[in-house]
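Q: Would you be able to build a 3D model of this:
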Amino acid sequence: MIALVASHPGERRALLALCDSRQLPAIECASLRIFLRRLAADRPGLVVTRTRLVDGFADQVITAVRQEAGTQPARVVVIAPAGTPHTTEARYIALGADLVLRDPVHPEVLAAYLVRLGSQPAPASVLRPATAVIASLAFAGASLDPLRRHLRKGRRGIVLTPREVALARLLAETAGTVVSYDRLFDEILGRRFDGETANLRVLLGKLCASCAAVGIRLRARVEVIAKAGYRYTAPPAR
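A: Have a look, this model is predicted:
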């Protein structure tokens with residue numbers, strides 16, 4: 001059984017059609033919450049997940065698989081956006097993912113991986129506890145734990161909303177480059193960019209306010225590029 005974890009309906013339909021064409025049994029999961037419920041009931045042998053879901057991240061999918069699996073873990077394939085940094089890919093592998101594919105993924109290539117991984121047992125190395133991997137990342141001079149949605153600087157900390165975490169994480173992973181409005185809307189708000197940026201500005205304002213609560217002037221580090229997107233500049237390494 002293959003679990004297809006993606007929040008975009010069109011992508012789930014395409015993945016399901018691909019599995020059907022190869023006679024591979026599959027279930028659809030539109031959110032992390034649904035996947036966690038189906039994981040215990042259906043015990044899939046292979047999980048294909050997007051990096052970002054409407055209510056979570058691939059990190060949480062991988063961690064749940066490793067904790068649930070016992071001695072027979074499922075294989076995990078992560079589909080990441082084009083331009084995903086190698087450091088991010090390495091983090092998924094360290095957490096226990098078997099494979100990270102970047103957009104655009106050719107259906108024939110993905111199908112070949114599904115057939116191959118679905119027929120192979122997972123290596124013993126993935127049985128190590130996922131909690132042994134440090135899942136936090138540096139953001140604006142603070143430490144961000146995406147799984148717990150916790151931002152900490154020194155002794156001060158704050159819990160962010162899921163969308164604040166998604167925005168902070170995307171900015172951290174694309175530091176020094178312009179992340180387009182198309183990508184911001186697709187990955188953060190879950191819809192296509194239509195030219196109106198008000199909702200994204202509100203979200204950035206909320207994240208800046210949350211950062212201010214722990215002593216971070218985030219707005220000074222995020223440049224709004226007209227008609228293009230955002231560019232986040234990370235503080236110099238100490």
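
Q: Could you list the domains of this protein?
A: For the chain, automatic domain parsing gives the domain ranges 2-132, 137-232.

Q: what ranges do the helices span in the protein?
A: Applying DSSP state H to the chain gives helices spanning 9-21, 32-42, 58-69, 86-95, 107-118, 162-173, 181-184, 198-212.

Q: Now do the contacts for the residue most central in space within the chain.
A: Central residue of the chain (C-alpha atoms, centre = their mean): residue 51, 2.8 Å from the mean position. Applying C-beta atoms under 8 Å, 6 or more residues apart in numbering, we find residue 51 in contact with 57-58, 78-81, 84, 88, 92, 187. Heads up, the C-betas are built off the backbone N, CA and C, glycines and all.

Q: go on, residue 178?
A: Contacts for residue 178 (C-beta under 8 Å, 6+ apart) come out as 225, 228-231.

Q: That one pairs with what?
A: residue 231 (DSSP bridges).

Q: Could you check how far it is from residue 68?
A: 39 Å (C-beta to C-beta, to the nearest Å).

Q: cool, residue 164 as well?
A: Distance from residue 164 to residue 68, counting by C-beta to C-beta: 28 Å.

Q: Name the nearest residue to residue 87, sequence neighbours excluded.
A: residue 173 (7.9 Å; C-beta to C-beta, 6 or more residues apart in numbering).

Q: just to revisit the earlier point, now, the most widely separated pair of the contacts of residue 51?
A: 92 and 187 (15.5 Å; C-beta to C-beta).

Q: more neighbours, those two?
A: residue 92 (24 against 18; other C-beta atoms under 10 Å).

Q: Would you agree the more buried one is in contact with residue 62?
A: Yes. At 6.8 Å, residue 92 and residue 62 qualify as touching, with contact defined as C-beta atoms under 8 Å.

Q: Name the residues contacting each of these two.
A: Residues touching both residue 92 and residue 62 (C-beta under 8 Å, 6+ apart): residue 78.

Q: Extract the C-alpha trace of the worst-scoring helix or strand of the chain on mean pLDDT and format it as CSV.
A: Sorting the helices and strands of the chain by mean pLDDT, DSSP states H and E puts helix 86-95 at the bottom, at a mean of 81. What follows is helix 86-95, C-alpha atoms only, in CSV (Å, rounded to 0.1, in the frame of the first residue of the first chain):
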residue,chain,number,x,y,z
HIS,A,86,21.1,20.6,-0.6
THR,A,87,21.2,21.2,3.1
THR,A,88,17.4,20.7,3.2
GLU,A,89,17.6,17.5,1.2
ALA,A,90,20.3,16.2,3.6
ARG,A,91,18.0,16.9,6.5
TYR,A,92,15.2,14.8,5.1
ILE,A,93,17.7,12.0,4.4
ALA,A,94,19.0,12.3,8.0
LEU,A,95,15.5,12.1,9.4
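
Q: Which elements pack onto it?
A: If contacts are counted by 3 or more C-beta pairs under 8 Å, 6 or more residues apart in numbering; DSSP states H and E, helix 86-95 sits against helix 58-69, strand 75-80, strand 99-102.

Q: hang on, the earlier thing: and the helices of the chain as CSV, adding distance to residue 152?
A: Compiled in CSV, the helices of the chain are given as follows (distance: least, C-beta to C-beta, whole Å):
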stretch, distance to residue 152
helix 9-21, 34
helix 32-42, 23
helix 58-69, 17
helix 86-95, 19
helix 107-118, 37
helix 162-173, 12
helix 181-184, 25
helix 198-212, 11
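
Q: Out of the ones you listed, which gets the lowest mean score?
A: With a mean of 81, helix 86-95 has the lowest mean pLDDT of the helices of the chain.
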